[in-house]
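Asks: Provide a 3D model corresponding to the input given below.
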Amino acid sequence: MTLKFKLTGVCILSFDSDFHDLKVDVTSLERIQGYIDIEHEPKPTEVGKPPAAWPTAGGLHVEKLSARYSAVSNSLFLESY
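Replies: Residues are numbered from 1 along each chain as shown. From the prediction side, this is the model:
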């Protein structure tokens, strides 16, 4: 009777571990699907395609940059003007 209980306990623990691994795998697949389903930028057209050697020189100047995780969240950056 004791041996049967121990074996059953081991099987239950093994099943629980397997079920947890399955949940983690399914969550990973859901995340991948979420990345696939996001809205993508339109493909460039011939008119809007930059030259192959572009840019050859230059810089970048950013003013009043704002970024958020969502439309209702706070800004990720402190404003320093």
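
Asks: if I look at residue 34, how far off is residue 51?
Replies: Distance, residue 34 to residue 51, by CB to CB, to the nearest Å: 35 Å. Just so you know, the C-beta spots here come from the backbone N, C-alpha and C atoms, and that holds for glycine as well.

Asks: taking the mean pLDDT, what do you get for stretch 28-40?
Replies: Mean pLDDT, computed over stretch 28-40, is 89.

Asks: Kindly report the same for stretch 71-81.
Replies: 72.

Asks: Make 595 the starting number, not 1.
Replies: Sure, I'll start numbering at 595, so the last one becomes stretch 665-675.

Asks: all helices of the protein, in order?
Replies: 596-631 (DSSP state H).

Asks: burial measure for residue 614, as a count.
Replies: 10 (other CB atoms under 10 Å).

Asks: Roughly how far does it sit from residue 621?
Replies: Residue 614 sits 11 Å away from residue 621, going by CB to CB.
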